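K.L.:
based on what follows, work out the 3D shape:
(one chain, ligands or ions: 1)
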Amino acid sequence: MSVKVLGISTSPRLKGNSDLLLREALTGAESAGALVEYIRLCDLSISPCVECNYCYETGECRIEDDYKIVSAKMLEADRLIFATPIFFMTVCAQAKMLIDRCQCLWARKYVLKRPLITDGSRDRRAMVIAVGGTKSEKMFENIKLTMKYYFDVLDMQYVANLFVNKIDSCGEVKEHPLVMKEAYRLGCELVSSATPPPKKPVDVEFT
Ligand SMILES: Cc1cc2nc3c(=O)[nH]c(=O)nc-3n(C[C@H](O)[C@H](O)[C@H](O)COP(=O)(O)O)c2cc1C
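P.N.:
Residues are numbered from 1 along each chain as shown. Sure, this is the predicted structure:
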């Protein structure tokens, strides 16, 4: 059976830099035999977590919106590629909204002690693509921490980061073939289960 790769594009810009890199990574994954699916959060309606704690009793989110669609896809996928622009040194609001809504998965696992993935032996891996317009110290540090906890909740191994800085205008990353090539390569590599996941995510940085 083919490995299922889900790509989540969170940028508000259609064909923005992180979005283009995500599409390239998915093309790479497809070339390696994966079944790929792309979703763009801005095409969906997802509202923020309201901390009602309904999920502490049910393991489900009470808000009726498109989060349920994305949640099902995240749990079904074998691989996840999460793409975000850097906004104020962290993920964009659209990305954070989705991440916060995963609190119901956290509650299911850690409060209700119910397994998220029924087939617990599945090899699930995830990587991040993040693009910032400037270059500043520690600009990817917040993302790393947030994504570590998000992937942990999803029961996914955090295997790689593609971090790119000094790319600002919409679609500018297309003028950087080495970066595009690296996204393709990482997408290919993500599909394989030939080697065990690394203990820490591998950082590929373009500055
Ligand atoms: C609200 C906002 C906040 C931003 N904050 C940062 C930042 O903290 N650091 C940075 O390097 N770039 C920042 N940028 C620039 C974007 O990261 C940059 O334009 C990037 O290429 C956007 O990626 P995208 O095309 O995938 O949306 C910000 C842009 C916006 C609109």
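
K.L.:
going by C-alpha atoms from here, please, whenever you check contacts or count neighbours.
P.N.:
Noted.

K.L.:
average model confidence for stretch 152-170?
P.N.:
For stretch 152-170, the mean per-residue pLDDT is 98.

K.L.:
switch to numbering from 37
P.N.:
Got it, the first residue is 37 from now on, which makes the last one we talked about stretch 188-206.

K.L.:
and that stretch, what's buried?
P.N.:
Of the residues in stretch 188-206, 189-201, 203 count as buried by neighbour count, 16 or more other C-alpha atoms under 10 Å.

K.L.:
closest one of these to the ligand?
P.N.:
residue 203 (4.9 Å; C-alpha to the nearest ligand atom).

K.L.:
the closest residue to the closest one other than its chain neighbours: neighbouring residues, count only.
P.N.:
Excluding the flanking residues, the one nearest residue 203 by C-alpha to C-alpha, 6 or more residues apart in numbering is residue 169, at 4.6 Å. Residues near residue 169, counting by other C-alpha atoms under 10 Å, number 15.

K.L.:
on that earlier part again, of the buried residues of stretch 188-206, which pair is most distant in space?
P.N.:
Using C-alpha to C-alpha, the buried residues of stretch 188-206 span at most 31.7 Å, a distance reached by 191 and 203.

K.L.:
and stretch 127-142, end to end?
P.N.:
End-to-end span of stretch 127-142 (C-alpha to C-alpha, to the nearest Å): 20 Å.

K.L.:
contact partners of that stretch?
P.N.:
The contact list for stretch 127-142 (C-alpha atoms under 8 Å, 6 or more residues apart in numbering) reads 46-48, 77-78, 82-85, 91-92, 95-97, 103, 107, 120-122, 152, 179, 186, 189-190.

K.L.:
contacting residues for the residue sitting furthest away from the middle of the chain?
P.N.:
Going by C-alpha atoms, centre = their mean, the residue of the chain most distant from its centre is residue 93, 27.1 Å out. Counting by C-alpha under 8 Å, 6+ apart, residue 93 touches residue 148.

K.L.:
around the ligand, which positions in the chain sit nearby?
P.N.:
Selection of the chain residues close to the ligand by C-alpha under 6 Å from any ligand atom yields 47, 49, 52-55, 121-125, 167-171, 203-206.

K.L.:
Three-state assignment for the residue nearest to the spatial centre of the chain, please.
P.N.:
The geometric centre of the chain, computed from its C-alpha atoms, lies nearest to residue 118 (C-alpha atoms, centre = their mean), at 2.1 Å. At residue 118 the chain is in strand, as set by DSSP: H, G, I helix; E, B strand; the rest coil.

K.L.:
what is it paired to in the beta sheet?
P.N.:
For residue 118, the beta-bridge partners under DSSP bridges are residue 44, residue 164.

K.L.:
if I look at it, what pLDDT would I see?
P.N.:
99.
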